[in-house]
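Engineer: Give the three-dimensional model of this entry:
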Amino acid sequence: MTQRTTSAARARYGFDAPGIMLGLLFGGATMVLLGWAVVALTAGAARYLGMILMALGAIPLFFGLLMVLYAFAGKARTRDHILHLADLRDGDTVLDVGTGAGLLLVAAAKRNPRGTAIGIDLWSAKDLSNNAAATTLRNIAVEGVDDRAAVRTADARALPFPDAGFDRVLSLLCLHNIEDETDQRRACHEIARVLKPGGRIVIGDYVPTHRYAAAFADAGLHIVRSRPAFGIALSLMWIVVAERPADTRI
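Structural biologist: Numbering: from 1, shown residues only. Here you go, the predicted structure:
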């Protein structure tokens, strides 16, 4: 199948947690500059206060810059790594949980010309800049995969799909947004429920994925790995890979 491309436009995948990113950048920079001014304009013990302010401000500024670095470089690296771990086979059915602007969704569709990919999301503006189904649909069209990629508005805690419907389930920076631990486990169980025997799950998140791994194990999946991927993402990132044994009955 010939890959269609749209050269007149460019897909945009946004900034994750834009409010937090801007808060860290501006808050940290303000503290650093205030501390520098105190050091430059005062003498004696006050200078130590300025140094403390600079040191404290450097911490949020550092993490804000990490988020910028992730947006411009680490995000694409993480996408490619997750798709590599997913080990997609042409013809697979793929679900992207918390698809956002469709970063994983589009990549999976490109690598899977005879398969189908569905992305689901609740489209929360605080989780991603310009987070809306229209944004994702635009990216799908721009990337030329609108014949095999689709989006639905749905909650990860109650996936609107039958049991064992997907060969691969992917997710990036989604599950940590479910703050209640019970709901988070429910989402993991839902993800496991829709996975086919022999299927694979790959989840990436800013927080350690060991809790997700425990929920997947409780749902009968085999945990392949759950470890940091800082060097890949150039930021905070953990990835869990889980599989449903091929001989499992749903």
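
Engineer: how close does residue 90 get to residue 196?
Structural biologist: 16 Å (C-beta to C-beta, to the nearest Å). Where you see a C-beta, it was placed from the backbone N, CA and C, and this is true even at glycine.

Engineer: Oops, could you answer that again for residue 72 instead?
Structural biologist: Distance, residue 72 to residue 196, by C-beta to C-beta: 36 Å.

Engineer: more neighbours, these two?
Structural biologist: residue 196 (19 against 10; other C-beta atoms under 10 Å).

Engineer: okay, the residue nearest in space to the middle of the chain: pLDDT?
Structural biologist: Compute the mean C-alpha point of the chain, and by C-alpha atoms, centre = their mean the closest residue is residue 172, 2.2 Å away. Note for residue 172: predicted pLDDT of 98.

Engineer: Not counting residues beside it along the chain, what's closest to it?
Structural biologist: What sits nearest to residue 172 in space, not counting adjacent residues and going by C-beta to C-beta, 6 or more residues apart in numbering, is residue 204, at 4.6 Å.

Engineer: hang on, the one you found in a strand?
Structural biologist: Yes - under DSSP: H, G, I helix; E, B strand; the rest coil, residue 204 sits within a strand.

Engineer: hang on, isn't residue 36 packed against residue 51?
Structural biologist: No - at 9.4 Å, residue 36 does not count as touching residue 51 under the criterion of C-beta atoms under 8 Å.

Engineer: re earlier: distance of the residue nearest to the centre of the chain from residue 82?
Structural biologist: According to C-beta to C-beta, residue 172 stands 6 Å off from residue 82.

Engineer: Can you work out which residues contact both of those two?
Structural biologist: 104, 204 (C-beta atoms under 8 Å, 6 or more residues apart in numbering).

Engineer: Count the neighbours of the closest residue to residue 228 other than its chain neighbours for me.
Structural biologist: Leaving aside its sequence neighbours, residue 228 sits nearest to residue 238 (C-beta to C-beta, 6+ apart; 5.4 Å). Neighbours of residue 238 under the rule other C-beta under 10 Å: 22.

Engineer: Quick check: phi and psi at residue 238.
Structural biologist: phi -120, psi 150 (degrees, to the nearest 10).

Engineer: If anything else comes up later, I'll come back, but that's it for now.
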